[in-house]
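In: Predicted model and sequence below, questions to follow.
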Amino acid sequence: MKRHAIGLDLNDVDIQLDGRRIVALSHKIAPGEVLTVMGESGSGKTTLLNFVAGFLPPAFDATGRVVLDGVDVTAMPAERRQVGMLFQDPLLFPHMSVEGNLLYALPAGGSRAERGTRVSGFLESFGMGELGPRDPATLSGGQQARVALLRVLLAEPCALLLDEPFSKLDADRRDSVRKFVFELARERQLPVLLVTHDRADAAAAGGPMITL
């Protein structure tokens, strides 16, 4: 069943550390839209993602609201927010196969056989069925990045946060992985918050851009 479109609203977000303002912004991210936040290292990009995801360290003082699908999730713990996050590194579990990594992300429910069938079908639908039994260490950087995205999507997030997930890929893989990520986000109507220092990322995202 197709899920209704969901938006992500960042309302008057203000984050400070020791009295110094790190981030200040307001923006409504529409379903399927990518908001790019540009900035150099130390400008507060990852701090903003941590606030949205629910991981902001207590040393920071933050005000404002994170509203997902009309629900204020600002005070919710990270595990209840239904926000998926991709990092610079794929962070695949090295002791699990690709299939094992994806099984780990599935919401609870269903028999072992049913869950396995869902994961294998998911891989097949993206032309990656042969990767299921592979060790993540044997995959190329682009393959690892794609598997990491599929793992996030299997957890059924309502929004997607991207912490410079293309920065460690070579130029050829970067273009193809960008396209893969953004097309899937639009197809699934996920609001996306991308932080990066690379203007090519912002151009590929095709949405609004804010500079910190």
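Out: Arrived safely.
In: Could you report the neighbour count for residue 101?
Out: Residue 101 is flanked by 24 other residues according to other CB atoms under 10 Å. All C-beta spots, glycine's among them, are computed from the backbone N, C-alpha and C.
In: which strands and helices sit next to the helix or strand hosting residue 203?
Out: With the criterion set as DSSP states H and E, the secondary-structure element containing residue 203 is helix 199-205. For helix 199-205, the elements it packs on are strand 34-38, helix 171-187, strand 192-196, judged by 3 or more CB pairs under 8 Å, 6 or more residues apart in numbering; DSSP states H and E.
In: a helix runs through residue 85, doesn't it?
Out: No - secondary structure assignment places residue 85 outside any helix; it is strand (DSSP: H, G, I helix; E, B strand; the rest coil).
In: Tell me where this protein has helices.
Out: 45-53, 98-105, 112-125, 141-154, 171-187, 199-205 (DSSP state H).
In: For residue 212, find the nearest of these.
Out: Taking CB to CB, helix 45-53 is the member of these nearest to residue 212, at 6.4 Å.
In: average pLDDT for the closest one?
Out: Averaging the model's pLDDT scores along helix 45-53 yields 95.
In: helices or strands next to that helix in the packing?
Out: Where contact means 3+ CB pairs under 8 Å, 6+ apart, helix 45-53 is packed against strand 8-17, strand 20-29, strand 60-68, strand 83-86, strand 159-163, strand 192-196.
In: buried ones in the second one?
Out: Neighbour counts over strand 20-29 (16 or more other CB atoms under 10 Å) mark 22, 23, 25, 29 as buried.
In: Not counting sequence-adjacent ones, nearest residue to the first one?
Out: Meaning residue 22. Here the nearest residue to residue 22 in space, its sequence neighbours aside, is residue 44; by CB to CB, 6 or more residues apart in numbering that works out to 4.0 Å.
In: Could you tell me how many residues sit around the one you found?
Out: For residue 44, the count of nearby residues is 21 (other CB under 10 Å).
In: How about residue 188?
Out: Residue 188 has 17 neighbouring residues, counting by other CB under 10 Å.
In: now swap in the one 5 residues further on and tell me
Out: When neighbours are counted by other CB under 10 Å, residue 193 registers 26.
In: what's near enough to touch the nearest residue in space to residue 10 that is not next to it in sequence?
Out: With CB to CB, 6+ apart as the criterion, residue 10 has its nearest non-adjacent residue at 5.2 Å, and that residue is residue 27. With contacts taken as CB atoms under 8 Å, 6 or more residues apart in numbering, residue 27 has the following neighbours: 9, 10, 35, 208, 210.
In: mind checking which of the helices of the chain is nearest residue 89?
Out: helix 141-154 (8.5 Å).
In: Tell me how far residue 26 lies from residue 66.
Out: 11 Å (CB to CB, to the nearest Å).
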